[in-house]
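Student: need a structure here:
(one chain, ligands or ions: 1)
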Amino acid sequence: MSALASIVPYLGLTAFRRLLTLPKALAARLMGSTSSEPNLQTIREELEKFEGGSIDLEMDDQSGIAIMMLNNPRRLNSLTGKMMVEMANHITVLEKWSAGKGLVLAGVSGNFCSGGDLTFVRKALHYGEEMAAFQHDTLTRLLNLPLVSVALLQGHTLGGGAELCTACDFRVMSSSARVGFVQIKMGLPTGWGATTRLVRLFGRQKALALLTSGKVFSAEEAQNEGLVDHILSYALHPEEELSVCKNWLASNYCQYDADLTQTVKASVVHCDISGDLVDSLKVERKAFGKFWGGPAQKAALDAKIKHK
Ligand SMILES: CC[C@H](C(=O)O)C(=O)SCCNC(=O)CCNC(=O)[C@H](O)C(C)(C)COP(=O)(O)OP(=O)(O)OC[C@H]1O[C@@H](n2cnc3c(N)ncnc32)[C@H](O)[C@@H]1OP(=O)(O)O
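Tutor: A predicted model of the protein is given here:
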């Protein structure tokens, strides 16, 4: 590729970046009064006071697959402040899991997540931007984990629960489940970062439609929207669906060397957030150099693999 051809996308990005300088009136409308960045440690200590439920983590070094369970069944696994903090803590552990390849995010008792726990929401009405800042940090770290992640949508996935599933790489859905960004019906825009993630996933128009309609989708409708990657067959019981989802992840995206899988995910994340072609190619080149001539490549060459 000629030198000019290789930088044209970059020039496009520069021009694109200029588009992002919002008109002042629009920026003011969106940002309101400029406030200093909230202190996540202070917010953590405050959120922990909102009791109820738990987030349970199982890490299997053998398979390299972890399962993170939302556990607040009486409230359809909606999230309390305590659960938000526990999720953040587990993600910190997973960020350093050297044997890790994949993560399944699911809810107990056959339901994914009914959003923010409304009892918590009612008690935390003074604490919106701080809670959002904490969830933005947590869900960005979830999305950027060096693991291939899948959310298992069962039962009701609504509001913050729908936002949660957009912070995973893939979404698998039970055939009888429903999913919807109902925030607009609750008098709110999204609070856990889904507007940003949906625009990046689907583009402005599809994101706008999902968010301003407040529509709750069936599994088939969600798959047609591109929101869901795989629908589980009708015949399964909820507990079987978790095992099938884990096997779907393992057999499709977590079959190979953990370090290599983590490096590929990290390169994809870097390219996504870098926005700089030259920088992204440099990271990709470094990763390639790390594995070229390494044990995984040598084993593959010795095996004389035929990719039929
Ligand atoms: C940033 C957070 C974000 C925001 O604030 O914008 C949110 O996510 S707000 C919450 C968005 N979610 C909701 O509004 C869901 C409200 N619940 C429902 O629509 C229904 O419960 C439904 C459709 C999920 C299930 O209806 P169904 O008739 O099948 O069951 P129940 O309503 O009897 O629910 C069983 C049981 O769960 C409790 N429940 C359900 N969702 C929540 C929730 N989000 N927070 C707290 N509790 C919840 C429901 O109250 C029932 O408990 P009970 O003690 O029997 O009242």
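Student: give me the contacts around whichever strand or helix holds residue 59.
Tutor: Using DSSP states H and E, the element containing residue 59 is strand 54-60. Residues outside strand 54-60 that contact it (C-beta atoms under 8 Å, 6 or more residues apart in numbering) are 66-72, 82-83, 86-87, 90, 93-94, 97, 99-100. Where C-beta positions appear, they are placed from N, C-alpha and C, glycine not excepted.
Student: if any of the residues you listed are buried, give me the PyMOL selection for them.
Tutor: The buried residues among the contacts of strand 54-60 can be selected in PyMOL (16 or more other C-beta atoms under 10 Å) with this line:
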select buried, resi 66+67+68+69+70+72+82+83+86+87+90+94+97+100
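Student: inside helices: which ones of the contacts of strand 54-60?
Tutor: Counting by DSSP state H, the contacts of strand 54-60 place 82, 83, 86, 87, 90, 93, 94 in helices.
Student: residues touching the fourth one, list them.
Tutor: Spelled out, it's residue 87. Per C-beta under 8 Å, 6+ apart, neighbours of residue 87: 55, 68, 79, 138, 142.
Student: now the first one. Nearest residue, chain neighbours left out?
Tutor: Here the nearest residue to residue 55 in space, its sequence neighbours aside, is residue 86; by C-beta to C-beta, 6 or more residues apart in numbering that works out to 4.0 Å.
Student: ok, back up a step: quick one: distance of the strand holding residue 59 to the chain centre.
Tutor: Relative to its chain's centre, strand 54-60 lies at 17 Å (C-alpha atoms, centre = their mean, to the nearest Å).
Student: what residues does the stretch 151-300 of the chain have near the ligand?
Tutor: Contact residues (C-beta under 6 Å from any ligand atom) of the stretch 151-300 of the chain with the ligand: 156, 158, 159, 160, 182, 183, 186, 188, 191, 192.
Student: of those residues, which belong to strands?
Tutor: Among these, the members falling in strands (DSSP state E) are 156, 158.
Student: just the buried residues out of the residues of the stretch 151-300 of the chain next to the ligand, in ChimeraX syntax.
Tutor: This is how ChimeraX selects the buried members of these, with burial counted by 16+ other C-beta under 10 Å:
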select :156,158,159,160,182,183,186,191,192
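Student: okay if I get the residues of the stretch 151-300 of the chain next to the ligand as TSV plus distance to residue 171 and pLDDT?
Tutor: Listed next are those as TSV, based on distance: C-beta to C-beta, whole Å; pLDDT from 0 to 100:
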residue	distance to residue 171	pLDDT
156	14	98
158	14	98
159	16	98
160	15	98
182	17	98
183	18	98
186	22	97
188	22	98
191	20	97
192	15	98
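Student: now, the residues of the stretch 151-300 of the chain next to the ligand that are in helices?
Tutor: Members of those lying in helices (criterion: DSSP H): residue 160.
Student: export the residues of the stretch 151-300 of the chain next to the ligand to a markdown table and tack on distance to residue 290?
Tutor: Output for these, formatted as a markdown table (distance: C-beta to C-beta, whole Å):
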| residue | distance to residue 290 |
| --- | --- |
| 156 | 43 |
| 158 | 42 |
| 159 | 41 |
| 160 | 38 |
| 182 | 44 |
| 183 | 42 |
| 186 | 47 |
| 188 | 44 |
| 191 | 39 |
| 192 | 34 |
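Student: which one of the residues of the stretch 151-300 of the chain next to the ligand is nearest to residue 220?
Tutor: The shortest gap between residue 220 and any of these belongs to residue 156, at 16.4 Å (C-beta to C-beta).
Student: I'd assumed residue 173 was in contact with residue 231.
Tutor: Yes - taking contacts as C-beta atoms under 8 Å, residue 231 lies within contact range of residue 173: 5.4 Å.
Student: quick one, which of these two is more surrounded?
Tutor: residue 173 (29 against 17; other C-beta atoms under 10 Å).
Student: and the next element down the chain from the helix or strand containing residue 250?
Tutor: Assigning secondary structure by DSSP H and E places residue 250 in helix 238-253. Next along the chain after helix 238-253, taking DSSP H and E as the criterion, comes helix 258-274.
Student: sounds good, over and out.
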